[in-house]
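Visitor: Here is my input; please provide its structure:
(chains A and B)
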Amino acid sequence: MLFLFFTFLLPLGYILRLSVYDPTIHDGLPRTAEALQSWSGNGAPDEHTFQALAQDLIDARQADIVGSIANRLNVEAAGLRSAFARTARRLGEKPPSGHYSEWFQRADPVWGEQSTWQVINQLRSSVSANYYLAAVDLRRNASGGIEMAPEENRIHTTLFARTFLIAFSVTALCILLGYPVAYLIATSSKLVGTIMIVLVLLPFWTSLLVRTTGWIVLLQSQGVLNDLLVYLGLISDENRVRMIYNLAGTLIAMTHILLPFFILPLYSVMVSISPVYMRAAQSLGAHRFYAFWKVYFPNTLPGVGSGALLAFILAVGYYITPALVGGQSGQMISNMIAFHVQSSLNWGLAAALGIILLSVILILYAVYHRYSDANRLVN
Amino acid sequence: MHSFTVEGAWSVAFRIICAAILIFLIVPILIIVPLSFNAEPYFTFTSGMLHFHSEAFSTRWYEAFVSDAGWMVAVHNSFFVGILSTLLATALGTLAALGLNKPLPMRNLIVSLLLAPMIVPIVVLATGTYFVFAKVGLVDSYLGLVLAHSTLGLPFVVVTVLASLSNFDQGLVRAGLISGAHPTMVFRRVTLPLIAPGVLSGAALAFVTSFDEAVITLFLSPSPAYYTVPRKMWSGLREQISPTILAVATTWIVLSLVLMILMGVLRRQSAKRSAKPVD
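Guide: Next up is the predicted model:
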């Protein structure tokens, strides 16, 4: 238990903390944060706040944290990084005499703008739901209310929608392709069934990256499949089909990877259905298809349901495949999280996106647990 | 006679459809094998290969793989981290399963928690692990990789050992204790041999999990000295794609085949054992 605590619960807890805990401004500009409590929210704040900011900036320069504060502000409003750093530098060279607010606005006009102070005011508290708002494309408006971001900026909701759409399509493809195969395996003779099981198990045991390599080799524009199509004269050499590094690539490769996860549990449900039922229905005069539809199919539904839910849960969190073969249009929410962790360094937003994704999966998992036979295996 | 032909045609069509689906499953794997022997640096069949000219085939990509220090480091790391994390996951998972085999308060909650690493989105777990491990100096270290990989392998061991414990007759343990054996002795001589197939298949799954893991390694090992093979394949596929990767992939396919056969043997053995009447 202690082991899991360290390697599993602690990391997830840390993510949760990252997603709500945002102390850069609160700790970096403590006096400003306090002074802003009395700010009306209209126009620039009073002289007292500017004095507090000047004092905070001097401290920040000494503590060498100007850069991190500037970066945090820049995440909210592009351009604030340079304005902030420039002001801090100038403050060191030529301290203000007389009116602080005038000095600041002369140093950089952004200090006279209401929007700048709104950004600082929003980040004032060290615990907030700001990242969650950003993660679902909401933002605070001038009066402190919550509104949708402009349509062209709604990246995250679009991406969540796409992630669920991809996961849903992949699950549907798994049902469509997996059901007949599982049925054939379950109803074939022992030898043929075993051979088919091996064909399903081999991809199951083969490394994900190996399989992705296989798809790249097959599908890329100079790849085997396009060569074959050109050779057969179905397409011309100049019009090779783009099958990878786009949404199609993600769908094909993910279906391939998740199909065994669907077939194997469904197969185990199907072999437990006694063939006597079908024979009984047919001897009572039911047509083969009718007997299948009325007798066999309903019995397999629990297997279909739990297999599909498992495929969906795994698909929603996918990362490697979309990153390697998804191009632009095949990216999913996990890729966005990785981007924020590794490239944009907006960790709080990455954490909020991660917690949202995790919650969705946990809810689905609870449903899965309730309706599946996984419990029977464990108990 | 008419309905017979319709059904016959349907049955043939059904088999063809299933065959096509199975081909879909197997082709991306099989295609790599012949292409890894391509004499040219292409990812497709040359006309020489299609006509079986011997000069169109070569083992140059295998030579490139074996002589590349970076790949060899990755192979070493994969085995090293894989074996250590399998041992750790197997030991902890078996102990957890033995403990959970008794009625316990909050048993279901603990089981769900133990199984949770299977379903948590890997990127989320990798991000959290990276931040926590960075604080304690476990980034770019074997210990960090082994710990993180064990976490992922643990659920498989718990599931398989719990499954084999469910066919296990607790009376045997009592019999052993009554006969005067020390509890550790009973565990070694009675319990362990009987649940061994479960432990071993859990270990095999844990090993495969570590062997195939790329995302955690991606986050935890920025430096190539701690790359594993999947991690290096990831770079290879993203940056410059060289046919050496096909030779590596083929080697990896052979390894997974071996593991799969091993797993099949274990499953057969455990089926035989549970079928045996206990008297």
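Visitor: What are the buried residues along the one helix or strand A:Leu16 maps to?
Guide: Under the criterion of DSSP states H and E, A:Leu16 resides in helix A:10-20. Applying a neighbour-count criterion of 16 or more other Cβ atoms under 10 Å in any protein chain shown, one finds A:Leu10, A:Pro11, A:Leu12, A:Tyr14, A:Ile15, A:Leu16, A:Leu18, A:Ser19, A:Val20 buried in helix A:10-20. (C-beta placed from N, C-alpha, C; glycine too.)
Visitor: and chain B, which of the residues you listed reach it?
Guide: Taking Cβ under 8 Å from any Cβ of the partner chain as the test, chain B is in contact with A:Leu10, A:Pro11, A:Leu12, A:Tyr14, A:Ile15, A:Leu18 out of these.
Visitor: still on that earlier bit, just the closest of the buried residues of helix A:10-20 to B:His53, please.
Guide: A:Pro11 (54.2 Å; Cβ to Cβ).
Visitor: which bits of the stretch 201-350 of chain A sit near chain B?
Guide: Residues of the stretch 201-350 of chain A lying near chain B by Cβ under 8 Å from any Cβ: A:201-203, A:205-218, A:220, A:222-224, A:227, A:256, A:259-260, A:288, A:313-314, A:316-317, A:319-320, A:323-324, A:334, A:337-338, A:341, A:347, A:350.
Visitor: Generate a PyMOL selection restricted to the buried entries among those residues.
Guide: In PyMOL, a selection of the buried entries from those looks like this (16+ other Cβ under 10 Å):
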select buried, chain A and resi 201+202+203+205+206+207+208+209+210+211+212+213+214+215+216+217+218+220+223+224+227+256+259+260+313+314+316+317+319+320+323+324+334+337+338+341+347+350
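Visitor: Just checking, which helix or strand of the chain averages the lowest pLDDT?
Guide: Assuming you mean chain A. For chain A, the helix or strand with the lowest mean confidence is helix A:374-378, at a mean of 43 (criterion: mean pLDDT, DSSP states H and E).
Visitor: sorry, should have said chain B
Guide: Per mean pLDDT, DSSP H and E, bottom of the list for chain B is helix B:47-50, a mean of 76.
Visitor: is any part of that helix close to chain A?
Guide: No: counting by Cβ under 8 Å from any Cβ, chain A has no neighbours in helix B:47-50; the shortest distance is 9.6 Å.
Visitor: Okay, buried residues for the next helix or strand after that helix please.
Guide: Once the chain leaves helix B:47-50, the next helix or strand it forms, by DSSP H and E, is helix B:60-67. By 16+ other Cβ under 10 Å, the buried positions in helix B:60-67 come out as B:Arg60, B:Trp61, B:Tyr62, B:Phe65.
Visitor: right, and out of those residues, which lies closest to chain A?
Guide: The closest of the buried residues of helix B:60-67 to chain A turns out to be B:Trp61 (Cβ to the nearest Cβ; 12.7 Å).
Visitor: contacting residues for the residue nearest to the spatial centre of chain B?
Guide: In chain B, the residue lying closest to the centroid (Cα atoms, centre = their mean) is B:Val208, at 1.7 Å. Shown in contact with B:Val208 (Cβ atoms under 8 Å, 6 or more residues apart in numbering or on different chains): A:Trp205, B:Ser256, B:Leu259.
Visitor: Which members of the residues you listed occur in helices, if any?
Guide: Among the contacts of B:Val208, the members falling in helices are A:Trp205, B:Ser256, B:Leu259 (criterion: DSSP state H).
Visitor: can you put those in CSV and add pLDDT?
Guide: Listed next are the ones in helices among the contacts of B:Val208 as CSV, based on pLDDT from 0 to 100:
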residue, pLDDT
A:Trp205, 86
B:Ser256, 85
B:Leu259, 85
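Visitor: Of the residues you listed, which is the nearest to A:Ser236?
Guide: The closest of those, once distances to A:Ser236 are taken by Cβ to Cβ, is B:Ser256, at 38.5 Å.
Visitor: quick one, helices of the stretch 1-150 of chain B?
Guide: B:2-30, B:32-35, B:47-50, B:60-67, B:69-100, B:107-115, B:122-135, B:142-166 (DSSP state H, counting those that start in this stretch).
Visitor: Distance from the second one to the middle of the chain?
Guide: Just to be clear, that refers to helix B:32-35. Offset of helix B:32-35 from its chain centre (Cα atoms, centre = their mean, to the nearest Å): 22 Å.
Visitor: again, but for the first one
Guide: Relative to its chain's centre, helix B:2-30 lies at 30 Å (Cα atoms, centre = their mean).
Visitor: Is it positioned near chain A?
Guide: Yes: Helix B:2-30 reaches chain A (Cβ under 8 Å from any Cβ) through B:7, B:14-15, B:17-18, B:21-22, B:24-29.
Visitor: what do you get for the last one?
Guide: Yes: Helix B:142-166 comes into contact with chain A (Cβ under 8 Å from any Cβ), by way of B:Leu147, B:Ala148, B:Ser150, B:Thr151, B:Leu154, B:Val159, B:Leu162, B:Ala163, B:Ser166.
Visitor: now do the fourth one
Guide: No: applying Cβ under 8 Å from any Cβ, one finds helix B:60-67 out of contact with chain A, separated by at least 12.7 Å.
Visitor: what's the average pLDDT for that helix?
Guide: The pLDDT scores in helix B:60-67 average 88.
Visitor: Any regions of chain B where pLDDT drops low?
Guide: Applying pLDDT under 70 to chain B picks out residues B:1-4, B:270-279.
Visitor: next one: the stretch 51-200 of chain A
Guide: Residues of the stretch 51-200 of chain A that meet the cut-off, pLDDT under 70, sit at A:95, A:126, A:140-145, A:152.
Visitor: how about the nearest residue to A:Ser329, chain neighbours excluded?
Guide: Spatial nearest neighbour of A:Ser329, excluding adjacent residues (Cβ to Cβ, 6 or more residues apart in numbering or on different chains): A:Leu247 at 4.4 Å.
Visitor: Do I have it right that the one you found meets A:Val325?
Guide: No: assessed by Cβ atoms under 8 Å, A:Leu247 is found out of contact with A:Val325, at 10.1 Å.
Visitor: which one of those two has more residues nearby?
Guide: A:Val325 (26 against 18; other Cβ atoms under 10 Å in any protein chain shown).
Visitor: Skipping its backbone neighbours, what lies nearest the more buried one in space?
Guide: Once flanking residues are discounted, A:Val325 sits nearest to A:Gly249: 3.8 Å by Cβ to Cβ, 6+ apart.
Visitor: Surely the one you found is within a helix?
Guide: Yes: counting by DSSP: H, G, I helix; E, B strand; the rest coil, one finds A:Gly249 located in a helix.
Visitor: number of nearby residues for it?
Guide: Going by other Cβ under 10 Å, the residues that sit close to A:Gly249 add up to 25.
Visitor: Test my guess that it contacts A:Gly330.
Guide: Yes: between A:Gly249 and A:Gly330 there is a contact at 5.8 Å, judged by Cβ under 8 Å.
Visitor: So the lengthiest helix in chain A, near chain B or not?
Guide: Longest helix in chain A by number of residues (criterion: DSSP H): helix A:155-187. Yes: Helix A:155-187 comes into contact with chain B (Cβ under 8 Å from any Cβ), by way of A:Leu177, A:Gly178, A:Pro180, A:Val181, A:Leu184.
Visitor: How far off centre is that helix?
Guide: That offset, for helix A:155-187, works out to 17 Å (Cα atoms, centre = their mean).
Visitor: now it against helix B:2-30, angle please.
Guide: Orientation check (axes from the mean of the first three to the mean of the last three Cα atoms, to 10 degrees): helix A:155-187 against helix B:2-30 gives 120 degrees.
Visitor: list the helices and strands helix A:155-187 packs on?
Guide: The contact analysis (3 or more Cβ pairs under 8 Å, 6 or more residues apart in numbering or on different chains; DSSP states H and E) places helix A:155-187 against helix A:190-205, helix A:247-271, helix A:297-316, helix A:333-342, helix B:2-30.
Visitor: If we go by neighbour counts, what in it is buried?
Guide: A:156, A:159-160, A:162-164, A:166-167, A:169-171, A:173-175, A:177-179, A:181-186.
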